[in-house]
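Novice: what would the 3D arrangement of this be:
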Amino acid sequence: MKKLCSSIVILLTVFLMGCASNSSSVPEQEKKTAPSYKSEKSASRFDDWKYKGFGMNLPEWVDAAVDGRIEKTAKLLNRNPEQIEILTETGINVDQSEDKLKNQIPQDSKLIEGFWVRLNTQVNKTDEPYITILIYEK
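Specialist: Purely as a prediction, here's the structure:
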C-alpha cells in the first residue's frame with residue numbers, strides 16, 4: 001500500500017512539472033501566431049517538392065524550368081539548350097498535373113529529369129498549385 005501511494009505521488013509530481021514547463025502567457029503565444037511575423041514558408045516560392053520529405057533540397061534548375069528559361073535550365077543541367085525540351089503542366093495535385101502531360105511526351109525521346117513542385121499558395125494564389133516538370137532530350 002505504501003509503494004502504491006508513493007508511486008501515485010511521484011506520477012502526480014511528474015505530471016504537474018510537465019504542465020508547468022509547457023504553460024506560457026497568452027501574449028507570448030499571440031506573438032508566435034501574429035501575421036506580422038513572416039515565416040520562411042511564406043517567403044519561399046515553393047513549399048513542397050519531390051523528395052522534400054526525405055531531406056532533399058530543391059534543385060537549382062527547377063526554378064528556371066518552371067519559368068521556361070531553357071538556356072539557364074540547360075546550363076544548370078550541363079546540356080546544350082538546342083538539345084532539350086521542357087514540358088510543364090499544373091494541376092490540383094501531382095497526379096492531375098502528370099496526367100495532363102501524358103499526351104505531350106515526345107516520341108522516342110529520352111527523359112533527362114522529371115520533378116514536381118507545389119507553389120506556396122500564401123505567395124502565389126492559384127487553384128492548381130502543383131507543377132510537374134519533364135525535361136527531354138530532343
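Novice: least trustworthy helix or strand in this structure by mean pLDDT?
Specialist: helix 40-43 (a mean of 43; mean pLDDT, DSSP states H and E).
Novice: ok, then the element right after it?
Specialist: Using DSSP states H and E, the helix or strand that follows helix 40-43 towards the C-terminus is strand 46-49.
Novice: could you pull out the strands in the protein for me?
Specialist: Secondary structure of the chain (DSSP state E): strands located at 46-49, 84-91, 110-119, 130-137.
Novice: and these, which is most packed in?
Specialist: Neighbour counts (mean count of other C-beta atoms under 10 Å) averaged over each of those peak at strand 130-137, with a mean of 21. All C-beta atoms are positioned from the backbone trio N, CA, C, and that covers glycine.
Novice: what helices or strands is it leaning on?
Specialist: Applying 3 or more C-beta pairs under 8 Å, 6 or more residues apart in numbering; DSSP states H and E, one finds that strand 130-137 contacts helix 60-66, strand 84-91, helix 94-101, strand 110-119.
Novice: pipe these into CSV and attach mean pLDDT per row.
Specialist: As requested, these are exported to CSV (pLDDT from 0 to 100):
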stretch, mean pLDDT
helix 60-66, 95
strand 84-91, 96
helix 94-101, 95
strand 110-119, 95
